[in-house]
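Novice: I'll drop the sequence and a predicted model, then ask my questions.
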Amino acid sequence: MSTERDKARYPFTAEAAEFIRKLGLRIEDLTSEYYRPILVRAEQRIRQALTEFEVTPQEHDINIEVTSFPTAVMLMSYVNNELAKRRYALAESKSFSERLREEPPEKILRIAKETFGWDVKPIPEGERQTGDFLLHFKQYLTNIRNLRELRWKLTNRPLRNGYVQLMREEAARLIEEEIQRRILEKTKNPLAKLPEALQDTIKSIERLAATSTPTQTPIQTFDLKIKDSPPCIKKLIETLSSGGRLSHIGRFALTSFLVNAGAKEEEIVGFFKSASDFDERKTKYQVEHISGRRGGKTKYIPPKCDTLKTHGVCSEPDELCQRIKHPLTYYKIKIGRFKKGQVQPTMKT
Ligand code: SF4
């Protein structure tokens, strides 16, 4: 049984949903003065998600907090901006999972079972050195689809009779994926006609979405060179501009490629701005580090093709790819700057 505070902190749970169902709130109700605080809080959630990339819980009025979540999701279903929808879903789910990481394993287990129907069981207390839970491999696979880090690969996980061993933080991370998917599903299409009185609310969210989630890479001068980039790099850029996230090695490969292809630091940061998990400060730091302006002052180059293949970053290699071993070689050949006999680039560290 969850507490009132839990419902406010985790309004996506089955129990919170039941609580909302009992209130019998309809979209038309939101236009009345009585329910206005719910609408205001829902808008606040969206604004914070789009601009600060997180949603901080407010626990002083549980009813408002719990109902503001499905209200915000419902409002986002009317917003005509796919990138904003993804950004909202990511910010909410990430904020929930950060809170969950601090919770005792029993609470995470209950949410996973009751809300998401996971086939998950606790590892007995005395055996918890390497994991807290065992999750059925099918549900594990469903929730790691978007996770690129090697540690998530099923072959890299300890398995016990078809169940994958998970630490508490890892279970919270997989719950984040589950929540994100559900929010995205619910924001796809609106369920009812938008009441006239809510049209201004949606327009104002769309205006904010347009300024906080750029849909195009703001770099025109660099576009010409991008056309000559290898397929893997084009794919990474495409993923970013459609609001997707890159794996660690994907970020490194793209940033180091752009650094070596001559893009300016602010241009490189511009590429990452469209990502749904964009964090300007972190991105600037990484770009400065890779371009050698920070840390060991080493200017890094992208990993070789073999490494990129191993990590699943190589994508639809073309004919020229068959003749090269490094993405920079591909690029130099394309733009006609590869001199005969030049040494193939290799990783510096
Ligand atoms: S072969 Fe190399 S350059 Fe071509 S797509 Fe794969 S990783 Fe990129």
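Specialist: Arrived safely, thanks for sending. Numbering: from 1, shown residues only.

Novice: so Asp119 sits right up against Leu134, yeah?
Specialist: No. Counting by CB atoms under 8 Å, Asp119 does not reach Leu134; the two are 9.0 Å apart. No exception for glycine: its C-beta is placed from N, CA and C like everyone else's.

Novice: so for those two, which sits in the more crowded spot?
Specialist: Leu134 (21 against 15; other CB atoms under 10 Å).

Novice: for the ligand, see how far away that one is.
Specialist: Leu134 sits at a distance of 36 Å from the ligand (criterion: CB to the nearest ligand atom, to the nearest Å).

Novice: ok but that residue is inside a strand, no?
Specialist: Yes. Assessed by DSSP: H, G, I helix; E, B strand; the rest coil, Leu134 belongs to a strand.

Novice: mind listing what it touches?
Specialist: Val120, Lys121, Pro122, Ile123, Arg160, Tyr163, Val164, Gln165, Leu166 (CB atoms under 8 Å, 6 or more residues apart in numbering).

Novice: mind listing the residues bridging to the closest residue to it other than its chain neighbours?
Specialist: Spatial nearest neighbour of Leu134, chain neighbours left out: Tyr163 (3.7 Å); criterion: CB to CB, 6 or more residues apart in numbering. Assessed by DSSP bridges, Tyr163 has beta-bridge partners His136, Arg160.

Novice: Tyr163: neighbour count?
Specialist: Tyr163, neighbours per other CB under 10 Å, totals 20.

Novice: quick one: end-to-end length of stretch 312-329, please.
Specialist: 19 Å (CA to CA, to the nearest Å).

Novice: buried set for it?
Specialist: Buried positions in stretch 312-329, judged by neighbour count with 16 or more other CB atoms under 10 Å: Val313, Cys314, Ser315, Pro317, Cys321, Ile324, His326, Pro327, Leu328, Thr329.

Novice: now, among those residues, which is nearest to Lys85?
Specialist: Ser315 (24.9 Å; CB to CB).

Novice: next structured bit after the helix or strand of the chain with the lowest mean pLDDT?
Specialist: When each helix and strand of the chain is scored by mean pLDDT, DSSP states H and E, helix 223-227 comes last, with a mean of 65. Sequence order places helix 231-241 as the next helix or strand after helix 223-227, per DSSP states H and E.

Novice: that following helix near the ligand anywhere?
Specialist: Yes. Interface with the ligand: helix 231-241 contributes Pro231, Cys232 (CB under 6 Å from any ligand atom).

Novice: list the buried residues in that helix.
Specialist: Result for helix 231-241 [16+ other CB under 10 Å]: buried residues Pro231, Cys232, Ile233, Lys235, Leu236, Ile237, Thr239, Leu240, Ser241.

Novice: dump the following helix or strand past it to PDB, keeping only the CA atoms.
Specialist: Downstream of helix 231-241, the first helix or strand assigned by DSSP H and E is helix 248-261. Extracted as PDB, the C-alpha positions of helix 248-261 are listed here (Å, rounded to 0.1, in the frame of the first residue of the first chain):
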ATOM      1  CA  HIS A 248      28.500   7.200 -25.000                       C
ATOM      2  CA  ILE A 249      30.600   5.900 -27.900                       C
ATOM      3  CA  GLY A 250      28.200   7.500 -30.400                       C
ATOM      4  CA  ARG A 251      28.600  10.900 -28.800                       C
ATOM      5  CA  PHE A 252      32.400  10.500 -28.700                       C
ATOM      6  CA  ALA A 253      32.500   9.300 -32.300                       C
ATOM      7  CA  LEU A 254      30.400  12.200 -33.600                       C
ATOM      8  CA  THR A 255      32.100  14.900 -31.500                       C
ATOM      9  CA  SER A 256      35.600  13.800 -32.300                       C
ATOM     10  CA  PHE A 257      34.600  13.400 -36.000                       C
ATOM     11  CA  LEU A 258      33.200  17.000 -36.100                       C
ATOM     12  CA  VAL A 259      36.200  18.400 -34.200                       C
ATOM     13  CA  ASN A 260      38.600  16.800 -36.800                       C
ATOM     14  CA  ALA A 261      36.400  17.800 -39.700                       C
END
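
Novice: identify the residues contacting helix 248-261?
Specialist: Residues outside helix 248-261 that contact it (CB under 8 Å, 6+ apart) are 148-149, 225, 229, 232-233, 236-237, 239-240, 246, 267-268, 271-272, 286-287, 290-291, 299-303, 307-308, 311, 313, 327-328, 331, 345.

Novice: quick one on the thing from earlier: the buried residues of stretch 312-329: which ones sit near the ligand?
Specialist: Answer for the buried residues of stretch 312-329 near the ligand (CB under 6 Å from any ligand atom): Cys314, Ser315, Pro317, Cys321, Pro327.

Novice: isn't the fourth one up against Leu308?
Specialist: No. With contact taken as CB under 8 Å, Cys321 and Leu308 are classed as non-touching, separated by 10.5 Å.

Novice: quickly list what's touching both of these two.
Specialist: Between them, Cys321 and Leu308 share the contacting residues Cys314, judged by CB under 8 Å, 6+ apart.

Novice: my read: Ile335 touches Asp228, true?
Specialist: Yes. At 5.1 Å, Ile335 counts as touching Asp228 under the criterion of CB under 8 Å.

Novice: which regions of the stretch 151-300 of the chain lie under the pLDDT threshold?
Specialist: 213-225, 276, 295-296 (pLDDT under 70).

Novice: who in it is up against the ligand?
Specialist: So far as CB under 6 Å from any ligand atom goes, the stretch 151-300 of the chain lies against the ligand at Pro230, Pro231, Cys232.
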